[in-house]
Every structure is written in C-alpha cells, then in structure tokens.
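Asker: sequence and predicted structure, then a few things I'm wondering about:
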Amino acid sequence: MGHDIFGFNKAGKEIAYARFSMGNHHAAILYTILDANKYNAGVSGSADSSTYSVEQIEKALNEFKESYLKDSSMINWNHEQILNFIQSCLATAKKEGHVKVYFG
C-alpha cells in the first residue's frame, strides 16, 4: 500500500508522479497543499482525481514554499519530490489551462 499521485495533461499523458509509502507523513503535505484531503484514504489515495487550474497550483506551490522550504537544513528528498511534482503540474497547467491529478 502507498500513495501514488499522478499528474496528467489534457491528452492523458503522465507529466508528474509522486510516491509515498503508507506510513510516510509527507504524503499529507501534498494532499493538504492541493486541498485534496478528501482523496487521502489513509494507507493510499482514494483512486479518484481532481482538475486544478493554474491559480490553484500556484497557490499550492506558494503554500509549500512558505511552509516547508524556508529552512534549507530541513529539506529532504520528500520535499524535493513534492516540489518537482507541483512544478511539473504548474508547467502543464500554464500551457494547457489546467492539470488533472489522480490520487491512487
């Protein structure tokens, strides 16, 4: 079990991926900044998806930076994974108007 979170473009191509084991508390960060706690089924995602606008992804990125990236000594690979995921989703949303995120 675990959290496999994917970003998809309009064509359905995977553009972002984040993986957290079921006990990794960093998964909650991604759910929270995406305002997607309803998709967190505890040991995995709920196998549902949501579509995000550029503004929503920008808000998530800003929240993540303000809350989790201020102290560089505390940044780990989980934070880098989240940052890469959000940045990839933002690039797609800016290009296509939105991005779809699947929470598995």
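Answerer: It's in.
Asker: alpha carbons only for contacts and neighbour counts from here, please
Answerer: Fine.
Asker: give the contact list for the residue nearest the centre of the chain.
Answerer: Taking Cα atoms, centre = their mean as the criterion, Leu30 is the residue nearest the geometric centre of the chain, at 4.7 Å. Residues near Leu30 by Cα atoms under 8 Å, 6 or more residues apart in numbering: Ile82.
Asker: helix, strand or coil for it?
Answerer: Leu30 falls in the helix class when you classify it by DSSP: H, G, I helix; E, B strand; the rest coil.
Asker: distance of it from Glu80?
Answerer: Shown here: Leu30 relative to Glu80, a distance of 12 Å by Cα to Cα, to the nearest Å.
Asker: can you check Lys13 too?
Answerer: Plainly put, Lys13 is 22 Å away from Glu80 if you go by Cα to Cα.
Asker: Glu96: neighbour count?
Answerer: For Glu96, the number of neighbouring residues by other Cα atoms under 10 Å comes to 13.
Asker: also Gly12?
Answerer: Applying other Cα under 10 Å, we find 10 residues neighbouring Gly12.
Asker: confidence score at it?
Answerer: Per-residue confidence (pLDDT) for Gly12: 98.
Asker: now stretch 38-57: average pLDDT?
Answerer: Per-residue scores along stretch 38-57 average to 97.
Asker: again with stretch 60-68
Answerer: Mean per-residue pLDDT for stretch 60-68: 95.
Asker: when you give positions from now on, start the count at 482
Answerer: OK, 482 is where the count begins now, so the last one is stretch 541-549.
Asker: give me the buried positions along it.
Answerer: Residues of stretch 541-549 classed as buried: 541-542, 545 (neighbour count, 16 or more other Cα atoms under 10 Å).
Asker: ok, residues contacting it?
Answerer: By Cα under 8 Å, 6+ apart, the list of residues contacting stretch 541-549 from outside reads 514-515, 556, 560, 564, 567-568.
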